[in-house]
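1. I'd like to go over a predicted model; first the sequence, then the structure.
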Amino acid sequence: MVAITATAPPSPYPRIGKFPFVLILLLVPMAAINLVAFILPVARLAMISFIESRSGGVLTENYTLANYIDFFTDKFSFELIANSLLLGFVVTLATLFCAYPIALFLHRVSPKWRNLLFVITVSPLLVSSVVRTYGWMVLLGDQGVVNGVLMSTGIIQTPIRLVNNSLGVYIGMVEVLIPYMALSLISGFGRLDVALEEAAASLGANSWTRFRRIIVPLTMPGVALGCLLCFVLAISSFITPKLLGGGRVFLLATEIFDQAVIQLEWPSAAATSVIVLIIFGLALALYSRVVKRFD
Amino acid sequence: MIGRLTFPFKALVACLYLFLLAPILIVLPLSFSNDSFLTFPPQSWGLRWYAAMFSHRGLIDALWVSLGVATTVTILGLIAGVPAAFAIRRYQFIGRDLVLNIFTAPLLLPSIVLGLAILLVFVQARLLGTYTGLVIAHLIVTTPYVIRIMLTAFSTLPPSVEEAATMLGASPFTVFRRITLPLMMPGFVASAALSFLLSFDEVVISLFITGPRMRTLPVEIFDYVESQTDPMTAAVSVVLVAATLLIIFLIERTLGLSKTIGKS
């Protein structure tokens, strides 16, 4: 009897109902962190954006739409939105043009080199953005490397302003975002097959036509993903604009920080944050519409 | 012929790599400057700013805070993230996708918004400028990565291996210790290394919640860069980049960075 009715070994994939206690025990630590540092803060942020503020960080009990009305009736807000969107679009495009050749190169280079170059491409991600931005201050400053080289070769007589303005922020942002764009592009390059290009070439397509009609369409999903990621990161970036902008470049992200930490206007900062999240949502919606067209 | 790498293309890519790495490479020569101001090339060379860095009280204090926070965050992040990933991978339950999405959602939120949101809660909870506050805030940044990496690691582990061990009479604990754990090692190491680096480099959220008494190294460097322009930051950067490179090199040697990070 015992020998015949041997029970099956316990499945490595138990169904719930059998071990709810174990399951809860496994999930509770992570859920606690998530609740305290994510769900509660985001809920409170949304709530405070509707609270009437007094100066000096004093919060009242009154709910109001005043923070949003103030935002949309201030001409400066539209400047902030325009600056942020322009930065997002220009930096995303420039990053795409810089990262695309890198990704294509990584796709085609021999495996021996690919691993090393892949590590070099992503390793800047692991270097603090403060350090990388400081490097750009050194390169682009009035006594920096770029101006030094240009002046010593006699191309220019006086240094060009490359930091403390939007140009510096744009240059720094592109460099900071290249690894993200390259990673997204590489993930989408899998569909690219040399056989397709060979077929096109045998049918008489020159290299430009092959690039335009074969390579670009096949890599479009990666391009869309990279553009979404870079746009979203660009409009919410803070460190690079703050340091390379020298307080003269006004964006939504820098405004959130100034309102919250310097002016202690938390409700206004919260309202500005909600606006940023809405722009995020719109970018995401646009992305999913674009992606549908490729499938 | 097709797909061959032509010389102009190689030259273009070399220029782009130069652009990508320029700000990291430039701090090396600058860190050996003896000048009082940021000039390139330096007028005089020496180790003056390395000496200044080690005698800079605020910087050294901040370094210890950052090392402590990053270590705590790495350990707690693994304790919370690994079981969560295990549960999501191994149990069928209602709301499984929802739980995963909520746990990894902080990745999507811009850190400037998350920083403000955490500030607003920590003000009430009196966690501003505290060690506990920094650890909690950094955990929300690192745990989504731990979960992502560990999910990938658990999914590469075939259940038949554990099944075989169970059938041969191993207790669940023995199976976990002798089979699951060793096979999960690359995932653990990758999660731990990435958590440490993310916490150690985290700056935006920390800027919101550090106080004058307790500051992390990136916050200290940020304030220094904003107020002074001298080559000391270059010396600090060289030390940081060297430490990061060492960690990357060790991971690459033992596991393969592209394998552990590229897949997740």
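-> In hand now; what should we look at? Numbers count the residues shown, from 1 in each chain, chains lettered A, B, ... in the order given.
2. CA only for contacts and neighbour counts going forward, please
-> Will do.
3. What average pLDDT does stretch B:103-121 get?
-> Here stretch B:103-121 scores 92 as its mean pLDDT.
4. Ends of it, what's the gap?
-> 19 Å (Cα to Cα, to the nearest Å).
5. buried set for it?
-> B:103-104, B:106-107, B:109-121 (16 or more other Cα atoms under 10 Å in any protein chain shown).
6. Which of those fall in helices?
-> Judged by DSSP state H, these include B:103-104, B:111-121 as members of helices.
7. Keep those, but drop any that are not near chain A.
-> Contacts with chain A within those, counted by Cα under 8 Å from any Cα of the partner chain: B:F103, B:S111, B:I112, B:V113, B:L114, B:L116, B:A117, B:I118, B:L119, B:L120, B:V121.
8. Just give me the closest of the residues you listed to B:L25.
-> B:S111 (27.0 Å; Cα to Cα).
9. Wait, the closest one touches B:E202, no?
-> No. Between B:S111 and B:E202 there is no contact under Cα atoms under 8 Å: 9.5 Å.
10. Contact partners for A:A200?
-> For A:A200, the contacting residues are A:R210, by Cα atoms under 8 Å, 6 or more residues apart in numbering or on different chains.
11. Check which helix or strand it maps to.
-> Using DSSP states H and E, A:A200 maps to helix A:194-202.
12. May I see the buried residues of that helix?
-> Those would be A:E197, A:E198, A:A200, for helix A:194-202 by 16+ other Cα under 10 Å.
13. returning to what we had before: export the ones in helices among the buried residues of stretch B:103-121 to a markdown table and tack on distance to A:N164?
-> Output for those, formatted as a markdown table (distance: Cα to Cα, whole Å):
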| residue | distance to A:N164 |
| --- | --- |
| B:F103 | 38 |
| B:T104 | 36 |
| B:S111 | 23 |
| B:I112 | 21 |
| B:V113 | 24 |
| B:L114 | 27 |
| B:G115 | 25 |
| B:L116 | 25 |
| B:A117 | 29 |
| B:I118 | 30 |
| B:L119 | 28 |
| B:L120 | 31 |
| B:V121 | 34 |
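14. ok, for A:G135, nearest residue in space, not its chain neighbours?
-> B:P23 (4.0 Å; Cα to Cα, 6 or more residues apart in numbering or on different chains).
15. Report the secondary structure state of the one you found.
-> helix (DSSP: H, G, I helix; E, B strand; the rest coil).
16. With B:M214 instead?
-> Going by three-state DSSP, the secondary structure assigned to B:M214 is coil.
17. and it, how many residues sit next to it?
-> 19 (other Cα atoms under 10 Å in any protein chain shown).
18. Shouldn't A:N62 be within a strand?
-> Yes. Judged by three-state DSSP, A:N62 forms part of a strand.
19. isn't it right up against A:I51?
-> Yes. If you go by Cα under 8 Å, A:N62 and A:I51 touch, sitting 5.8 Å apart.
20. Compare neighbour counts for those two and give me the winner.
-> A count of neighbours by other Cα under 10 Å puts A:I51 above the other of A:N62 and A:I51, at 22 against 9.
21. Would you list the phi and psi of the more buried one?
-> Torsion angles at A:I51 (phi, psi; degrees, to the nearest 10) stand at phi -100, psi 140.
22. what sits opposite it in the beta ladder?
-> A:Y63 (DSSP bridges).
23. Now do it against A:N67, distance only.
-> Counting by Cα to Cα, the gap from A:I51 to A:N67 is 8 Å.
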